[in-house]
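> curious how this folds, go ahead:
(chains A and B)
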2 protein chains.
Amino acid sequence: MRAEIIAVGTELLLGQVVNTNATFISEELADMGVEVYYHTVVGDNPKRLEELLELADTRSDLIILCGGLGPTDDDLTKNILAEHVGVPLVQDQAGYEHMMSFFKNRQHPMTPNNLRQVETLKDGIPLQNRTGLAIGCLYKGEKNNYVLLPGPPSELKPMFIEQARPLLQKEFPAPEKLISRVLRFYGIGESLLVTELAELIEQQTNPTIAPYAKPNEVTLRITAQSVDETSGNVLLDQVESEILAKVGEHFYGYGEENSLEKVTVDLLKSRDLTVTAAESLTAGEFQSTLGSIPGVSTVFPGGFVTYSKETKASFLDIDRSLLDTYGVVSKECAQAMAEQALAKAGTDFAVSFTGVAGPEEMEGKIPGTVFVALAQKDGETLVTENHFSRDRSYVRHSAVMKGLDLLRRAILNKN
Amino acid sequence: MRAEIIAVGTELLLGQVVNTNATFISEELADMGVEVYYHTVVGDNPKRLEELLELADTRSDLIILCGGLGPTDDDLTKNILAEHVGVPLVQDQAGYEHMMSFFKNRQHPMTPNNLRQVETLKDGIPLQNRTGLAIGCLYKGEKNNYVLLPGPPSELKPMFIEQARPLLQKEFPAPEKLISRVLRFYGIGESLLVTELAELIEQQTNPTIAPYAKPNEVTLRITAQSVDETSGNVLLDQVESEILAKVGEHFYGYGEENSLEKVTVDLLKSRDLTVTAAESLTAGEFQSTLGSIPGVSTVFPGGFVTYSKETKASFLDIDRSLLDTYGVVSKECAQAMAEQALAKAGTDFAVSFTGVAGPEEMEGKIPGTVFVALAQKDGETLVTENHFSRDRSYVRHSAVMKGLDLLRRAILNKN
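So this is what the prediction gives:
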C-alpha cells in the first residue's frame, strides 16, 4: 500500500511550527509495512488543498490528512475532504457527548463553532479524541482511503496509536512484516563506510541497507521484509555479519536511541569501573556528556576543567616547567593532565583533553589540533594526537567522541 | 514571489529525521517577505523527484531543494536538477580546494565519491559550505529559480544565512523593505509573555510581533515594512520601548544568533571580571556552555565537576559534616561549593549547581529541585532554590540558564 501524508496549516508554512506529525506517522506506517512516498504541507487554503487531494488520488492508496479540524473558520480540512469525496458531514453522537461533558466539567461556555469539531464524514468511521475535542475519521473510498487526524501532536498521537493504527491494520492487513535494526559506527566517515560496503549496498534488495551520517558517527539501518519476525531476524543477522566482517572495527552498538556515551557508561557500570576527566578545550563537555546518562554517579565521581595554564598547574599540580617546556597543546601536557586527574580522583580511568578549538591558532598550532589522553590505574597512559576539522563546536564534539571511544576500547581491553 | 520547499531523503519518509530544514527556511523566507505555498518531502527516487520538479515549475517562482548533495549513490538531487534544467554539472574550484584541505588536515583518505560533493550546475552560482563539504547552488532559470542546499542542518543553516539569503535579496529585491529585530527574554514563559503583551500583539499590523519559544527562553521578532531602513528602525524603536515597558525585566539582549552565554561572557570581558564553577548535577554543562564562546579563556580559567559527595569534600575541601548534616541537595551545600570554588580559583565570581536531575529522587527531594548559588569576591553569596520541570536534560539546561542569569545580573549590579 502506498501512502502519503498531507499536513494542513499556514503556521507550518510560516515556520512557526515543525511538522513532527509527519515524522511520527511515517515512523508508525514504516513499522506497519506501509510505504510513505510523500509528505506535503499546504496552507489553510481551500483551492490548494482540493488540488492537492486530486493529485494525491492519482498516486496514493492511503492519504493521511492532519490539521484543520478545529472550531475556527480557517479549519477547513474536513469540509474540503467531504466535498472532494461527495458526501455530507454528519454529527457524531459519541464525539458530541464527550464534548458536552468536557464543557460541563470545565464550567466554560460552549461556543456554537465547537459543534464543527464533532462532525464526521457520512459513511466514514469516526475516530474519537481522548485528549481533545475534534474527532478524526477513516473514510474508505472506491479507490482511495483517507484518514483525518487533528493537528496538535498531543491529540494526534493517541488517536493514531489507539484507534487509527489498529483500524488500518484490520482493514488493510500487511502481507509482509518489516523488521529493522540500527548499527552504530564511530571512527569512520559516511563516504568511507559506503565505499567499504559498496558491493553489499549495490546488491541490497532484502534486507536493505541505509547509511545515515550524524555528527561524528554513522548509522546503518538494515531492514528485512519477511512473513514473521524470526525469519526477518535471520536475514538481518546474516547481512549484519557481512557488514561487520568489513567494518566491524568501527562498530560500537545497536539502536536508534543509543549513543557512544550510553554504551561507554553501561560498560563502566557492568564492570564496576570508574572514570574522571581533566578538560581544557572541551571545558566540561566530556563530563557533561557522561552526566546525560541517568545513574552515571556510580561510575563518575567528578573531575576538572582546567582551561588556563594556571589551573592546569594549580588544580592538577602539574609542573609549571613541563607546561612551559612543551606548551599546553602537547602530548606531554595531555599525559600529565590524565595522570594527575587519575591520582587526585582515585578512579580506574582518567581522560584528558587539550588542544585548539579555534577560531584562533594557539602556540602556533592550527584549530583542530587536539591531544586526547587516557590514564589507567593498572596500565599505560595512551596519548592520541588528532586533527579535527570544521568549526569550534564540531572540534570540541569530535574531541569528546574520541575520548569516549578511547575509554570504551580501554574497558574492553581490560579483560 | 511564490516559493516552495522540497526536502529530499528517504530517511524523512521513514520518520527517522524531522524536517526542521523546511521550518527554518520558511521562517527565513517569511522574514524576507517571500510567501511559501508548499513543503514537500520526497524520497531518494529520481522519477518522483523529477515529477515533483515539473509540478513545482507550474506553481512556484522559487524552488528550494534541500538534501541529497552528499557523496553516496542515493544523493541525487543535484543530478536530477541538472537534467531537469538541461545543463551539465561542473567542478567548483573553491569547493574542491576546501575539500582538499579538509582531507589533508584529517589525514584520512579521500574516496573518489567525494568529488560529487563539489560539483555544481553550469551557469549556477555556487554556495560554499563553511561547515561541511557538499556545496550548494543558486540556479536562475528562464521562468523558475532553484536553490540547492545540503541536508544536515549544521551545514544548511550557515549556508542559507551567510550566502543564499543575501544572494536572494540581491537578485530578487523586495518592493518594500522588511526590517526586523529579535529581542531575547529569559525568566518568562511564552504564554505569560504573550498574555502580558496581548494588547500590543492584537493591534499589530506594522511592525508585526512574532513570539517564539526556545528551550528556557523566548524571543520576539519585531518586523517593520517601510521604504527605507531609517524609517523602519523608527517604527521598531517605538514598539520595542512599548514591549520593554511591560516585560523589560526579563529582556537580556538582541539578535537571532545571540545567547545568554554570549551576553554574559561579553559582559565579563568588557569589565575584566572572571568566573569559575563547581557543578554537581550539571556535570560540566555550565562550564562547557561558557567554553562555546570563542575567547572565553580570558575570563574563565577553569573549574570543578563534583558529582559525588566524595569529590565535593576532596576537590573543594568542603566539611564532610556540612554535607552529612544538610545533604548535598541543600542551599548550604550550594553555598559552600560556590565559596570554596571561588577561593580555589581566585576569580571574581563562582557559580555552583547541586540538585536532582532525575529520573530518580535523591535525599527525599523530587527531580527538578536545584540549588544554584553565586559567590562574589567582594559581596554576598546568593543562593537560589529552583523547581524545574520536564526531563533530566531539560532540568540540567534550566539550571545552566539560571546560573548564567544570576551571573549576568551580578555583573550588572557591580557598578
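> for the nearest residue to residue A:393 once chain neighbours are set aside, give me its contacts.
Spatial nearest neighbour of residue A:393, chain neighbours left out: residue B:292 (6.3 Å); criterion: C-beta to C-beta, 6 or more residues apart in numbering or on different chains. Quick note: C-beta positions are derived from backbone N, CA and C, even for glycine. Residues counted as contacts of residue B:292 (C-beta atoms under 8 Å, 6 or more residues apart in numbering or on different chains) are A:283, A:392, A:393, A:396, B:261.
> would you reformat the residues you listed as CSV and include pLDDT?
Conversion of those to CSV gives the following (pLDDT from 0 to 100):
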residue, pLDDT
A:283, 98
A:392, 95
A:393, 94
A:396, 98
B:261, 98
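> can you show me the helices along the stretch 1-150 of chain A?
Counting by DSSP state H, counting those that start in this stretch, one finds helices in the stretch 1-150 of chain A at the ranges A:10-13, A:20-32, A:46-59, A:77-85, A:93-106.
> low-confidence ranges in the stretch 151-300 of chain A?
By pLDDT under 70, the stretch 151-300 of chain A contains no weakly predicted segment.
> how about a cut-off of 80?
Filtered on pLDDT under 80, the stretch 151-300 of chain A yields the residue ranges A:174-178.
> interface residues of it facing chain B?
A:189-192, A:194-195, A:201, A:210-213, A:215, A:221, A:256, A:277, A:279, A:281-288, A:290-292, A:294-297, A:300 (C-beta under 8 Å from any C-beta of the partner chain).
> change it to 7 Å
Proximity of the stretch 151-300 of chain A to chain B, by C-beta under 7 Å from any C-beta of the partner chain, involves residues A:189-192, A:194-195, A:210-212, A:282-285, A:287-288, A:290-292, A:294, A:297, A:300.
> taking the stretch 101-250 of chain A, what residue is nearest to chain B?
The minimum distance from the stretch 101-250 of chain A to chain B, using C-beta to the nearest C-beta, falls at residue A:191 (4.2 Å).
> leaving out the residues flanking it, which one is nearest to that residue?
residue B:71 (4.2 Å).
> tally of neighbours for the one you found?
Counted with other C-beta atoms under 10 Å in any protein chain shown, the neighbours of residue B:71 add up to 22.
> wait, it touches residue B:110, no?
No: here residue B:71 does not reach residue B:110: they are 9.9 Å apart, not a contact under C-beta atoms under 7 Å.
> list the buried residues in stretch A:24-34.
Neighbour counts over stretch A:24-34 (16 or more other C-beta atoms under 10 Å in any protein chain shown) mark A:24, A:25, A:26, A:28, A:29, A:30, A:32, A:33, A:34 as buried.
> quick check, nearest of the residues you listed to chain B?
Distances from chain B to the buried residues of stretch A:24-34, taken by C-beta to the nearest C-beta, are shortest for residue A:26, at 3.4 Å.
> contacting residues around the closest one?
Residues near residue A:26 by C-beta atoms under 7 Å, 6 or more residues apart in numbering or on different chains: A:5, A:36, B:13, B:14, B:15.
> state the pair within those that is farthest apart.
Farthest-apart pair in the contacts of residue A:26 is A:5 and B:14; separation 12.2 Å (C-beta to C-beta).
> give me the more crowded residue out of these two.
More neighbours surround residue A:5 than the other of residue A:5 and residue B:14, with 30 against 23 (other C-beta under 10 Å).
> re the thing from before, between the contacts of residue A:26, which is nearest residue B:324?
Closest to residue B:324, out of all of those and judged by C-beta to C-beta, is residue B:15, at 50.1 Å.
> can you tell me the closest non-neighbouring residue to that closest one?
Residue B:15 sits nearest to residue A:27 (C-beta to C-beta, 6+ apart), 2.9 Å away.
> isn't that neighbour right next to residue B:18, touching?
No: using C-beta under 7 Å, residue A:27 is not in contact with residue B:18, being 10.3 Å away.
> picking that back up, same list (the helices of the stretch 1-150 of chain A) but as a markdown table, adding distance to residue B:140.
Below are those laid out as a markdown table (distance: least, C-beta to C-beta, whole Å):
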| stretch | distance to residue B:140 |
| --- | --- |
| helix A:10-13 | 24 |
| helix A:20-32 | 31 |
| helix A:46-59 | 26 |
| helix A:77-85 | 35 |
| helix A:93-106 | 51 |
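> so residue A:211, which state does it fall into?
strand (DSSP: H, G, I helix; E, B strand; the rest coil).
> ignore what I typed, I meant residue A:225.
Assignment for residue A:225 (three-state DSSP): strand.
> could you find the closest non-adjacent residue to it?
Nearest one to residue A:225, counting by C-beta to C-beta, 6+ apart, is residue A:176 at 4.7 Å.
> how many other residues sit next to the one you found?
13.
> repeat that for residue A:365.
By other C-beta under 10 Å, the residues close to residue A:365 number 17.
> that one bridge partners, please.
Counting by DSSP bridges, residue A:365 forms beta bridges with residue A:362.
> that one reaches residue A:358, doesn't it?
No: using C-beta under 7 Å, residue A:365 is not in contact with residue A:358; the gap is 10.4 Å.
> what's the helix or strand for the residue of chain A positioned farthest from its centre?
Distance from the centre of chain A peaks at residue A:321, with 46.7 Å (C-alpha atoms, centre = their mean). Taking DSSP states H and E as the definition, residue A:321 sits inside helix A:320-326.
> noted, bye for now.
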